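Chemist: When you get a sec, could you give me coordinates for this:
(chains A, B, C and D)
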2 protein chains.
Amino acid sequence: MNKTKDTTTESNILNAAKHIFQQKGMMGARMQEIADKAGINKALLHYYFRSKQLLFEAVFKKAFSLLAPQLNEVINDDSSICEKIKNFSHNYISFVIKHPYLPNFILQELNRNPDFVQDLIKEKNFPNISKFKKQVNDKVADGTIRNIKAEQLFINIMALNIFPFVGAPLLKGFINIGDKEYNQLIEERKTAVADFIINAIKINK
Amino acid sequence: MNKTKDTTTESNILNAAKHIFQQKGMMGARMQEIADKAGINKALLHYYFRSKQLLFEAVFKKAFSLLAPQLNEVINDDSSICEKIKNFSHNYISFVIKHPYLPNFILQELNRNPDFVQDLIKEKNFPNISKFKKQVNDKVADGTIRNIKAEQLFINIMALNIFPFVGAPLLKGFINIGDKEYNQLIEERKTAVADFIINAIKINK
DNA sequence: AAATAGTTTAACCAAATGGTTAACAAATGT
DNA sequence: ACATTTGTTAACCATTTGGTTAAACTATTT
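Modeler: Residues are numbered from 1 along each chain as shown, chains lettered A, B, ... in the order given. Alright, predicted model coming up:
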């Protein structure tokens, strides 16, 4: 169990950069601020990662690679659709509670530069939903679940799991509650989301 | 029918600024670029709106005021919960198809500066969900709909309607489709979202 | 037509920013 | 011990950026 937390300069930089980039985005981040947070000279950033762009890409890909395999794993195992929905929702929400900036960071930067998705697709472990799609189509055909396009169901699953994090400030305002109460709502969603989805697709016998 | 499209300098600036800010965010936007897009000198931006911050706030509040009343209206009218969900989903998705950058812009900037929500709440027409909340609680109590917290249902409605826009680049990658097919999916969601939600909450008789 | 107020511009400025250089220190190999 | 590579820093540089100024141009008023 290697818990040495990596105190090398390079991982110091990556950690500092992760914080700053996730909080302020690529455009809002300042190299000096990252250097300060890492406790090093600004020139050293360029020594390890030639440019801001390259440092950003390193941070972004690392962040993305934390989320993507998780989705891939659940969506491509051999369990039933209901199990997949339950597992994914629980795992994902638990994970993102510990990394609350992650979804917003990724969505923001992909919106800023949508072409970057093409790069990501090439990486191994990029999620592929074809198995899930077939599974849904089969279950719709044999009448186990309601008639729904696999793509729409997939979008719904992602929306219900991810949006509460990226929309947090807005939702807190609308619902008129503070951080503590909102976190409680999120906690409940670990199971509530799957229940909601399953109710939506299952056929009433 | 006043369709004069407002060709005053001030609204020229606001329009140009809207495009640039929505595409690049507050930090990514450059005053020079906004001036160029508006076809004027950069100094004129400061003549009309003292600073970048103030210009940004003007754009942001205008953008927000396009979305908020819409939500408020539907959520606070006298129709049934199902009607509200149908109306809101259809109206919202139709509207955002015409302004696809809007949701991402607002979410991104609220995440960058969450305290700004407090400002927005003070504005009149800021959405208030208390009526919706009572309505849901009543229907749960009398057994018309499944047991669900009004807040969770509200989050789900928002998530299913908004996320497909802010998550578009990512979802296109996951589903592995192009813009055209994705827009088709969004189009279907004008009705599919409400169906999904209603199935999720209605009791099977 | 002269004065006044409002609008627009070119030129400028100070600060911030990403990036570079050259010197210095610490490890590493021989 | 010495040389060479690797890691680190202070000082510097060119460019960009938000913002200012003073002059010019254009209504509007008197």
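
Chemist: give me the low-pLDDT residue ranges for chain A?
Modeler: Along chain A, segments meeting pLDDT under 70 span A:1-6, A:205.

Chemist: who in it is up against DNA strand D?
Modeler: By CB under 7 Å from any atom of the strand, the part of chain A that sits against DNA strand D consists of A:9, A:40-44, A:47. C-beta: built from backbone N, CA, C; applies to glycine.

Chemist: Now neighbour count, distance to chain B and secondary structure too, for those residues, in a markdown table please.
Modeler: What follows is those, written out as a markdown table (neighbours: other CB atoms under 10 Å in any protein chain shown; distance: CB to the nearest CB, whole Å; DSSP: H, G, I helix; E, B strand; the rest coil):
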| residue | neighbour count | distance to chain B | secondary structure |
| --- | --- | --- | --- |
| A:Thr9 | 13 | 27 | helix |
| A:Ile40 | 17 | 24 | coil |
| A:Asn41 | 12 | 24 | coil |
| A:Lys42 | 15 | 19 | helix |
| A:Ala43 | 9 | 24 | helix |
| A:Leu44 | 15 | 24 | helix |
| A:Tyr47 | 13 | 26 | helix |
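
Chemist: Pull the most distant pair out of these.
Modeler: Comparing every pair within those by CB to CB identifies A:Thr9 and A:Lys42 as the most remote, at 13.3 Å.

Chemist: any chance you could map the helices in chain A?
Modeler: Under the criterion DSSP state H, chain A carries helices at the ranges A:9-28, A:31-38, A:42-48, A:52-75, A:81-98, A:102-112, A:116-122, A:130-141, A:150-166, A:168-175, A:179-201.

Chemist: Confirm for me that A:Gln32 is in contact with A:Ile40.
Modeler: No - in this structure A:Gln32 lies outside contact range of A:Ile40 using CB atoms under 8 Å: 11.0 Å.

Chemist: So what's the residue count around A:Lys124?
Modeler: Other residues lying near A:Lys124 total 8 when counted by other CB atoms under 10 Å in any protein chain shown.

Chemist: Would you quantify the distance from it to A:Asn72?
Modeler: 10 Å (CB to CB, to the nearest Å).

Chemist: Then A:Asn176?
Modeler: The gap separating A:Asn176 from A:Asn72 is 38 Å, by CB to CB.

Chemist: again with A:Leu54
Modeler: According to CB to CB, A:Leu54 stands 26 Å off from A:Asn72.

Chemist: cool, A:Phe196 as well?
Modeler: Distance, A:Phe196 to A:Asn72, by CB to CB: 23 Å.

Chemist: re earlier: looking at A:Leu54 and A:Asn72 now, which is surrounded by more residues?
Modeler: Set A:Leu54 next to A:Asn72 and count neighbours by other CB under 10 Å: A:Asn72 wins out with 17 against 12.

Chemist: contacting residues around the more buried one?
Modeler: The contact partners of A:Asn72, taken as CB atoms under 8 Å, 6 or more residues apart in numbering or on different chains, are A:125-128.

Chemist: cutoff 10 Å now
Modeler: Residues near A:Asn72 by CB atoms under 10 Å, 6 or more residues apart in numbering or on different chains: A:124-129, B:174.

Chemist: Filter those down to the buried ones and hand me the PyMOL line.
Modeler: Buried residues within the contacts of A:Asn72, by 16 or more other CB atoms under 10 Å in any protein chain shown, are selected in PyMOL with:
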select buried, (chain A and resi 126+127+128+129) or (chain B and resi 174)
